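Enquirer: let's see this in three dimensions:
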Amino acid sequence: MSSLHPLSPQHASVNRRDVLRRGALALGSSTMLLARQTDAADDPNAGYIDAHVHVWTPDIKRYPLAAGFTPAQMLPPSFTPQQLLAEARPCGVARIVLIQMSYYGFDNSYMLAAMREFPGVFSGVAVIDEKSSQVGDTVRELKKQGVRGFRIHPAKQTVDRWLFSPEMEAMWKLGASEKLAMCALVNPEALGPLDTMCQRHPDTPVVIDHFARIGVDGNVRDSDVDNLCRLARHANTHVKVSAFYALGKKQAPYLDLAPMIRRLLSAFGPERLMWATDCPYQVQDGRTYRDSIELVRSRLDFLTADQRTWLLRKTADRVFFN
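Expert: From the prediction side, this is the model:
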């Protein structure tokens with residue numbers, strides 16, 4: 001499992017002093033923040049859902065890092081649920097889907113602890129060892145604890161060898177029977193094989209993370225968008241409209257991504273698209289949480305009010321909170 005953030009070949013440089021200052025402010029104000037939640041937080045149906053966020057803690061004694069990881073790789077050094085909520089609440093976000101962070105490997109303990117600490121606020125996407133002989137029991141136990149999906153990605157394997165393996169076939173069958181999403185972190189070249197898997201497993205919920213990373217090299221290619229849109233013929237396939245900071249021009253207000261979003265809207269409909277930030281990366285190096293949500297909430301002039309509601313809440317609610 002890679003030690004680096006999956007959207008970049010290297011971690012972006014981080015101003016540690018700024019990170020620590022913001023972390024201290026967030027932690028110092030978290031009690032007041034959580035005690036005085038917005039109306040959106042009190043009524044989840046009135047608030048938005050961020051469908052993709054990572055959290056971690058500097059407390060590596062209680063939550064040890066997986067083999068091969070060191071505290072120096074944790075950038076920022078801390079991004080706890082409290083720090084996350086300090087970013088999300090002021091923007092009207094009531095609920096959040098937590099994605100298991102690679103620092104912890106297959107140990108989902110910290111994510112699950114956050115879900116227990118804030119019941120109803122967080123849903124979870126876990127990472128498990130699909131090669132384990134106990135994979136079925138693991139999937140069902142995590143489902144009982146509120147997990148609603150599993151992150152899958154090829155790591156160092158070729159896409160075909162990974163995706164068409166007996167272990168992945170078993171995972172997709174479990175996804176269909178348990179109504180749990182296969183959340184694919186892939187590059188555009190995986191879209192063809194994913195199309196085949198969606199054909200083989202039409203009842204499996206599928207979520208494509210971060211537009212399948214189209215535009216990570218700065219170029220949003222029409223051929224890649226064509227292949228992503230082709231997946232719309234599978235009724236249980238969804239796309240995360242997310243990680244704007246890492247795609248295309250990689251610069252707010254992110255309007256260069258509007259043509260791709262418009263094509264996906266036409267192909268999938270709003271009911272199968274969901275917005276997400278990919279925090280904490282969205283709030284590093286001078287970028288802001290608000291810039292991410294505002295692209296969907298106010299800057300895409302082709303979206304109707306109802307379509308915005310689907311992207312900002314209803315799709316993620318249906319996939320990850322039911």
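Enquirer: tell me which residues are up against stretch 196-210.
Expert: Stretch 196-210 has contacts (CB atoms under 8 Å, 6 or more residues apart in numbering) with 7, 52, 149, 151, 163-164, 168-169, 172-173, 175-176, 179-186, 194, 228, 231, 234-240, 242-243, 246-247, 274, 278, 319. Every residue, glycine included, has its C-beta placed from N, CA and C.
Enquirer: please indicate which of the residues you listed are buried?
Expert: If you count burial by 16 or more other CB atoms under 10 Å, the buried members of the contacts of stretch 196-210 come out as 7, 52, 149, 151, 163, 168, 172, 175-176, 180-186, 194, 228, 231, 234, 236-240, 242-243, 246-247, 274, 278, 319.
Enquirer: narrow those residues to those in strands?
Expert: If you go by DSSP state E, the buried ones among the contacts of stretch 196-210 have 52, 149, 151, 181-184, 237-240, 242, 274 in strands.
Enquirer: need these in TSV with distance to residue 121 and pLDDT, can you?
Expert: TSV is the format used below for these (distance: CB to CB, whole Å; pLDDT from 0 to 100):
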residue	distance to residue 121	pLDDT
52	15	98
149	17	98
151	20	98
181	19	98
182	24	98
183	19	98
184	25	98
237	27	98
238	21	98
239	24	99
240	19	99
242	19	98
274	17	99
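Enquirer: remind me which residues of the stretch 151-300 of the chain are low pLDDT?
Expert: For the stretch 151-300 of the chain, not a single residue meets the criterion pLDDT under 70.
Enquirer: what segments of it are helices?
Expert: 159-163, 166-178, 191-200, 222-230, 258-268, 289-294 (DSSP state H, counting those that start in this stretch).
Enquirer: show the end-to-end separation of stretch 273-292, please.
Expert: 15 Å (CA to CA, to the nearest Å).
Enquirer: can you list the buried residues in that stretch?
Expert: Buried, per 16+ other CB under 10 Å, within stretch 273-292: 273-284, 287, 289, 291-292.
Enquirer: so what's the gap between it and the chain middle?
Expert: 11 Å (CA atoms, centre = their mean, to the nearest Å).
Enquirer: and stretch 255-275, by the same measure?
Expert: Worked out by CA atoms, centre = their mean, stretch 255-275 lies 16 Å from the chain centre.
Enquirer: ditto for stretch 145-156
Expert: Worked out by CA atoms, centre = their mean, stretch 145-156 lies 10 Å from the chain centre.
Enquirer: can you give me the buried ones in that stretch?
Expert: Under the neighbour-count criterion of 16+ other CB under 10 Å, stretch 145-156 has 146-154 buried.
Enquirer: in TSV, list the residues you listed along with distance to residue 138.
Expert: Formatted as TSV, the entries for the buried residues of stretch 145-156 read as follows, by distance: CB to CB, whole Å:
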residue	distance to residue 138
146	14
147	10
148	15
149	14
150	10
151	14
152	14
153	18
154	20
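Enquirer: thinking again about what came up before, need the ones in strands among the buried ones among the contacts of stretch 196-210 in TSV with distance to residue 126, can you?
Expert: Converted to TSV, these look like this (distance: CB to CB, whole Å):
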residue	distance to residue 126
52	14
149	8
151	7
181	11
182	12
183	10
184	14
237	20
238	18
239	20
240	17
242	18
274	18
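Enquirer: quick one: which of those is nearest to residue 190?
Expert: Minimum distance to residue 190 across these is 7.2 Å, recorded for residue 184 (CB to CB).
Enquirer: any idea how far that closest one lies from residue 149?
Expert: To residue 149, residue 184 is 10 Å away according to CB to CB, to the nearest Å.
Enquirer: then residue 119?
Expert: 18 Å.
Enquirer: and for residue 246?
Expert: In terms of CB to CB, residue 246 sits 21 Å off from residue 149.
Enquirer: count of neighbours near residue 140?
Expert: Residue 140: 14 surrounding residues under other CB atoms under 10 Å.
Enquirer: work out for me the element it sits within.
Expert: Take DSSP states H and E as the rule and residue 140 turns out to sit in helix 135-144.
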